[in-house]
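>>> missing the sequence, but the structure's below:
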């Protein structure tokens, strides 16, 4: 059960990271000079 719990936590962290990156991308896309920004 401990291993499954660790895997679930890792998956949740990955999903949160992906959605956070998506939010940043959406914000950058609304900025005219977004193509000049390097992350």
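The structure has been received and is ready for your questions. All values derive from a computational prediction rather than experimental measurement. Numbering: from 1, shown residues only.

>>> in this protein, what residue spans correspond to helices?
2-29 (DSSP state H).

>>> show me the shaky parts of it.
1-2, 31-39 (pLDDT under 70).

>>> if we use 80, what do you get?
Applying pLDDT under 80 to the chain picks out residues 1-3, 28-39.

>>> pull the number of nearby residues for residue 6.
Per other C-beta atoms under 10 Å, the neighbour tally for residue 6 reads 10. For every residue, glycine as well, the C-beta is placed using N, CA and C.

>>> quick check: it vs residue 27, distance?
32 Å (C-beta to C-beta, to the nearest Å).

>>> how far away is residue 3 from residue 21?
For residue 3 relative to residue 21 (C-beta to C-beta), the value is 27 Å.

>>> between these two, which is the more surrounded one?
Of the pair residue 3 and residue 21, residue 21 is the one with more neighbours under other C-beta under 10 Å, namely 11 against 7.

>>> distance of that one relative to residue 6?
23 Å.

>>> repeat for residue 18
Residue 18 is 19 Å from residue 6, by C-beta to C-beta.

>>> residue 28 - how many residues pack around it?
13.

>>> OK, contacts around residue 26?
The contact partners of residue 26, by C-beta atoms under 8 Å, 6 or more residues apart in numbering, come to none.

>>> if I look at it, how far off is residue 17?
Distance from residue 26 to residue 17, by C-beta to C-beta: 15 Å.

>>> same check on residue 28?
When residue 28 is compared with residue 17 (using C-beta to C-beta), they lie 16 Å apart.
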